[in-house]
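*Asks:* A predicted structure for the sequence below; I have some questions about it.
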Amino acid sequence: GAGVSQSPRYKVAKRGQDVALRCDPISGHVSLFWYQQALGQGPEFLTYFQNEAQLDKSGLPSDRFFAERPEGSVSTLKIQRTQQEDSAVYLCASSPGTSVSSYEQYFGPGTRLTVT
Amino acid sequence: QKEVEQNSGPLSVPEGAIASLNCTYSDRGSQSFFWYRQYSGKSPELIMSIYSNGDKEDGRFTAQLNKASQYVSLLIRDSQPSDSATYLCAVNADGTSYGKLTFGQGTILTVHP
């Protein structure tokens, strides 16, 4: 079946612009995660959705970052007033459920954001 | 101390050899452990998951978990040049009930012909 998809794949924004990054998880997956990956580092957790509920946003770096998943499927990560330090790859992952045996997360291709 | 630490690389092995990748974690409440492979410019790809102490084998890959020592490893037998990638160890840390992952910094593996 189809995997996780993300769009756009690449985004160049001028400092101060707002951006919106989209994630389409695997159909039927309850859990959706956003991660940020800097060059040469492992992904870092940003936020988590269980269906439409945002249960954990502890990793969002500032109040300029906002995420939503209004109907429990597609999710959007929005960054307002982008700064150069926001340049990174933003990864979306989904997993089937919330029990230990269904924690396996599958990643989308990512959106590479460059802020100039 | 980082929550998840991987052996520093890069690691270089000859084709056909066994590659050994190691990872330690700090949260004793962690329940699930994963190895991801990430090719340059691509996203992480899940290759192994392990939830209980001992070994788990899948093809040329074996994951080993020792919760008492807070240690998880990945062995790749008969390494191939196509195995050259960054390997990420990920742990369900913080004892969350939904699988939030904490990643190590990754180990770059190069398999040379």
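*Replies:* Now that the structure is in, tell me what you want to look at.

*Asks:* residues from chain B in reach of chain A?
*Replies:* Within chain B, the positions adjacent to chain A are B:4, B:31-32, B:34, B:36, B:42-46, B:49, B:51, B:88, B:90, B:92, B:96-106 by CB under 8 Å from any CB of the partner chain. No exception for glycine: its C-beta is placed from N, CA and C like everyone else's.

*Asks:* Could you say which helix or strand holds the residue lying closest to B:S52 once chain neighbours are set aside?
*Replies:* Excluding the flanking residues, the one nearest B:S52 by CB to CB, 6 or more residues apart in numbering or on different chains is B:L65, at 6.9 Å. According to DSSP states H and E, B:L65 maps onto strand B:61-66.

*Asks:* buried ones in that strand?
*Replies:* Within strand B:61-66, the residues that count as buried by 16 or more other CB atoms under 10 Å in any protein chain shown are B:F61, B:T62, B:A63, B:Q64, B:L65.

*Asks:* Name the nearest residue to the fourth one, ignoring sequence neighbours.
*Replies:* The reference is to B:Q64. Nearest non-adjacent residue to B:Q64 (CB to CB, 6+ apart): B:S73, at 4.6 Å.

*Asks:* if we can go back for a sec, of the residues of chain B next to chain A, which belong to strands?
*Replies:* If you go by DSSP state E, these have B:V4, B:F34, B:Y36, B:E45, B:L46, B:S49, B:L88, B:A90, B:T102, B:F103 in strands.

*Asks:* By neighbour count, which of the residues you listed wins?
*Replies:* Neighbour counts for these (other CB atoms under 10 Å in any protein chain shown) peak at B:L88, which has 28 neighbours.

*Asks:* For it, list each beta-bridge partner.
*Replies:* Going by DSSP bridges, B:L88 is paired in beta bridges with B:Y36.

*Asks:* Now do the contacts for it.
*Replies:* A:G42, A:P43, B:Q6, B:W35, B:Y36, B:R37, B:Q38, B:P44, B:F103, B:G104, B:G106 (CB atoms under 8 Å, 6 or more residues apart in numbering or on different chains).

*Asks:* how close does it get to A:Q84?
*Replies:* Per CB to CB, to the nearest Å, B:L88 is found 25 Å from A:Q84.

*Asks:* repeat for A:P70
*Replies:* From A:P70 to A:Q84 the distance is 30 Å (CB to CB).

*Asks:* Please verify my assumption that A:F49 contacts A:H29.
*Replies:* No. Under the criterion of CB atoms under 8 Å, A:F49 is not in contact with A:H29, lying 10.2 Å apart.

*Asks:* So what's the predicted local confidence for residue 61?
*Replies:* I'll assume chain A. Model confidence at A:P61, given as pLDDT, is 95.

*Asks:* Hmm, no, I was thinking of chain B.
*Replies:* The model's pLDDT for B:F61 equals 98.

*Asks:* residues in contact with the nearest residue to A:S102 once chain neighbours are set aside?
*Replies:* Nearest residue to A:S102 in three dimensions, chain neighbours excluded: A:P96, at 4.2 Å (CB to CB, 6+ apart). Contacts for A:P96 (CB under 8 Å, 6+ apart) come out as A:G28, A:H29, A:V30, A:S31, A:S102, A:E104.
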